[in-house]
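Asks: Sequence unavailable; structure follows:
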């Protein structure tokens, strides 16, 4: 009897979408009234099921609606999306999603995720162009020579740098570009592709899990909770250091085992295919010329400019994508690639990541089904009712698991914050803990589940590396259990002290 193969990422997501479609027939449809700020008229607009009302944009208005958020957060643009109004949940007419809705959801998801998808495709085109120049191979050869005998340093450096990106500005989708670049480096260091995947994905996940200055989670969630984003910052910073250390030790142990005995690699049966895809582990004949150095500098500058733009200039996907497009053109000029060849290389490079782009779109389609079925607010309402009457420690950890569960359906950190914080954060007042506990639980819960959340970024990342989801689970589950226990202990301490 032939061994059954684990389903592809696309199939897993379609199965999840089917389950969500069925849930829209079971879970009652409901919604909260929403409140949005009109900058032109300096007013609040309350949107209910049948009517909308306009209020002056004052603190008194917010207090009357039981929204404990300073009005300045709306006026200065910290909160720009509509937020849910506490105590306004109501059952609405059911909107079950049928077979046609199920099949339309991936298409809608691809359309909604077009900004992310185009970023991925343009990055693929850039990689296709630079790969042709030989700059990667020459750089890898140089790096492998320099790190000879100290290859473990590469694991520490990559994980820490990406974790810093995650905690400061939410480095996540952008890491898709790093896999084709760094996997050959790790192969040259006699590790397997799982080590490279772990350094990049775990670094990003633990960084965003313990976000400090990340505007898309820590800051927006604090704003929506009505507290200063620096409240609870010390605890999150300590968590960042300790959780990153745990991840590095975990990766180092696996990497040492694989390097000492390659057959113990979880993906050993794919060793030949992966080396063929990303290049062999030998780069001794390639010389890093000045032209190739310049190409690598331009490539690195693309990421530096992107990071600066997102952090300081309020850039988003359009600007980020533009940076990589311009970078690919500059590299084409430096490498003296003919116009026809450049276009061909760019298109082929983009096509290599088309499968990843489709996975991102299908994942977004799951959220589309939930929104169209109007069960997102219902799940939030039932989750908020669970915490009534709890003691501090149990409350903090219950919130942790509630947010882990909700992140399966709402993988967007900013979307989760705006949707849930006005409803969830006041629950902390009744329990007797600071609202930063809810903010931390939201971050830790989403972050922990992001390590294996199939509606998040992991399936797209695995598609790039050509590693199946079941093998990733085999690798990461012990780490997730360790981090979960550690996080529960940390949250309990934070709740009482």
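Replies: Here it is on my side, so go on. Bear in mind the structure is a predicted one, so any value in this text is a computation, not a measurement.

Asks: how many neighbours does residue 241 have?
Replies: 11 (other C-beta atoms under 10 Å). In short, each C-beta sits where N, CA and C put it, glycine included.

Asks: next one: the helix or strand hosting it to chain centre, how far?
Replies: Following DSSP states H and E, one finds residue 241 within helix 233-260. Centroid displacement of helix 233-260 relative to its chain, using C-alpha atoms, centre = their mean, to the nearest Å, is 19 Å.

Asks: Could you check that helix and say which residues are buried?
Replies: Within helix 233-260, the residues that count as buried by 16 or more other C-beta atoms under 10 Å are 233, 235-236, 239-240, 242-244, 246-248, 250-251, 254-255, 258-259.

Asks: The next helix or strand after it - what's its average pLDDT?
Replies: Using DSSP H and E, the helix or strand that directly follows helix 233-260 along the chain is helix 271-278. The average pLDDT within helix 271-278 is 82.

Asks: do the same with stretch 83-91
Replies: Mean pLDDT, stretch 83-91: 85.

Asks: got it, and stretch 357-376?
Replies: Averaging pLDDT along stretch 357-376 gives 83.

Asks: distance between the worst-scoring helix or strand of the chain on mean pLDDT and the chain's centre?
Replies: Ranked by mean pLDDT, DSSP states H and E, the weakest helix or strand in the chain is helix 135-146, scoring a mean of 73. A distance of 29 Å separates the centroid of the chain from that of helix 135-146, by C-alpha atoms, centre = their mean.

Asks: Pop the domain breakdown of the protein in here.
Replies: Domain assignment for the chain by automatic domain parsing gives 33-88, 113-337.

Asks: out of those, nearest to residue 456?
Replies: domain 113-337 (8.7 Å; C-beta to C-beta).

Asks: just how off-centre is the closest one within its chain?
Replies: Domain 113-337 has its C-alpha centroid displaced from the chain centroid by 14 Å (C-alpha atoms, centre = their mean).

Asks: most packed of the domains of the chain?
Replies: Highest mean neighbour count among those (mean count of other C-beta atoms under 10 Å): domain 113-337, with a mean of 20.

Asks: wait, residue 418 sits on residue 81?
Replies: Yes: proximity of residue 418 to residue 81 meets the contact threshold set by C-beta atoms under 8 Å, at 4.5 Å.

Asks: follow-up on the earlier one: turn the domains of the chain into CSV, including distance to residue 411.
Replies: Shown next, in CSV, are the domains of the chain (distance: least, C-beta to C-beta, whole Å):
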stretch, distance to residue 411
domain 33-88, 16
domain 113-337, 10
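
Asks: out of those domains, which comes closest to residue 95?
Replies: Among the domains of the chain, domain 33-88 sits nearest to residue 95 (C-beta to C-beta), with 12.7 Å.

Asks: Could you tell me how far that closest one lies from the centre of the chain?
Replies: That offset, for domain 33-88, works out to 28 Å (C-alpha atoms, centre = their mean).

Asks: secondary structure class for residue 411?
Replies: coil (DSSP: H, G, I helix; E, B strand; the rest coil).

Asks: repeat for residue 191
Replies: coil.

Asks: For residue 47, give me the backbone phi and psi.
Replies: phi -110, psi 110 (degrees, to the nearest 10).

Asks: Quick check: pLDDT value at it.
Replies: 87.

Asks: Please name the bridge partners of it.
Replies: Residue 47 has these beta-bridge partners by DSSP bridges: residue 34, residue 52.

Asks: helix/strand/coil for residue 28?
Replies: coil.

Asks: Just confirm it contacts residue 93, I think it does.
Replies: No: counting by C-beta under 8 Å, residue 28 stays clear of residue 93, with 10.2 Å between them.

Asks: neighbour-wise, which of these two wins?
Replies: More crowded of residue 28 and residue 93, by other C-beta under 10 Å: residue 28, with 13 against 7.

Asks: list the contacts for the more buried one?
Replies: Residues counted as contacts of residue 28 (C-beta atoms under 8 Å, 6 or more residues apart in numbering) are 91, 94, 375, 378.

Asks: how about a cut-off of 10 Å?
Replies: Residues counted as contacts of residue 28 (C-beta atoms under 10 Å, 6 or more residues apart in numbering) are 91-92, 94, 374-375, 378, 381-382.

Asks: Counting by contacts, list what the least confident helix or strand of the chain packs against.
Replies: For helix 135-146, the packing partners by 3 or more C-beta pairs under 10 Å, 6 or more residues apart in numbering; DSSP states H and E come out as helix 114-133, helix 152-169, helix 179-188, helix 290-312.

Asks: of all those, which lies closest to residue 392?
Replies: helix 152-169 (26.0 Å).

Asks: quick check: mean pLDDT across that closest one?
Replies: Summarised as a single mean, pLDDT over helix 152-169 is 88.

Asks: same deal with stretch 450-468?
Replies: 86.

Asks: Kindly report the same for stretch 181-188.
Replies: In the prediction, stretch 181-188 has an average pLDDT of 83.

Asks: quick one: common contacting residues for residue 418 and residue 81?
Replies: In contact with both residue 418 and residue 81: 34, 220, 224, using C-beta under 10 Å, 6+ apart.

Asks: And the most centrally placed residue in the chain, its phi and psi?
Replies: The residue lying closest to the centre of the chain (C-alpha atoms, centre = their mean) is residue 172, at 4.4 Å. Main-chain dihedrals, residue 172, degrees, to the nearest 10: phi -150, psi -80.

Asks: dump the residue contacts of it.
Replies: 116, 162, 165-166, 201, 204-205, 207-208, 214, 216, 413, 450, 456-457, 461.

Asks: what pLDDT does the nearest residue to residue 159 once chain neighbours are set aside get?
Replies: In space, and not counting its chain neighbours, residue 159 is closest to residue 203: 4.2 Å by C-beta to C-beta, 6 or more residues apart in numbering. With respect to pLDDT, residue 203 scores 94.

Asks: which helices and strands sit right next to the helix or strand hosting residue 203?
Replies: Per DSSP H and E: residue 203 is located in helix 193-209. For helix 193-209, the packing partners by 3+ C-beta pairs under 10 Å, 6+ apart come out as helix 152-169, helix 179-188, helix 233-260, helix 271-278, helix 436-450, helix 458-465, helix 469-496.

Asks: for those helices, which one sits closest to residue 369?
Replies: With C-beta to C-beta as the measure, helix 458-465 is the member of the helices and strands packed on helix 193-209 nearest residue 369 (17.1 Å).

Asks: wait, isn't residue 257 in contact with residue 264?
Replies: Yes: using C-beta atoms under 10 Å, residue 257 makes contact with residue 264 at a distance of 5.2 Å.

Asks: List the contacts of the residue lying closest to residue 292 once chain neighbours are set aside.
Replies: Once flanking residues are discounted, residue 292 sits nearest to residue 135: 4.4 Å by C-beta to C-beta, 6+ apart. By C-beta under 10 Å, 6+ apart, the contact list for residue 135 reads 129, 286, 288-289, 291-299, 331, 334-335.
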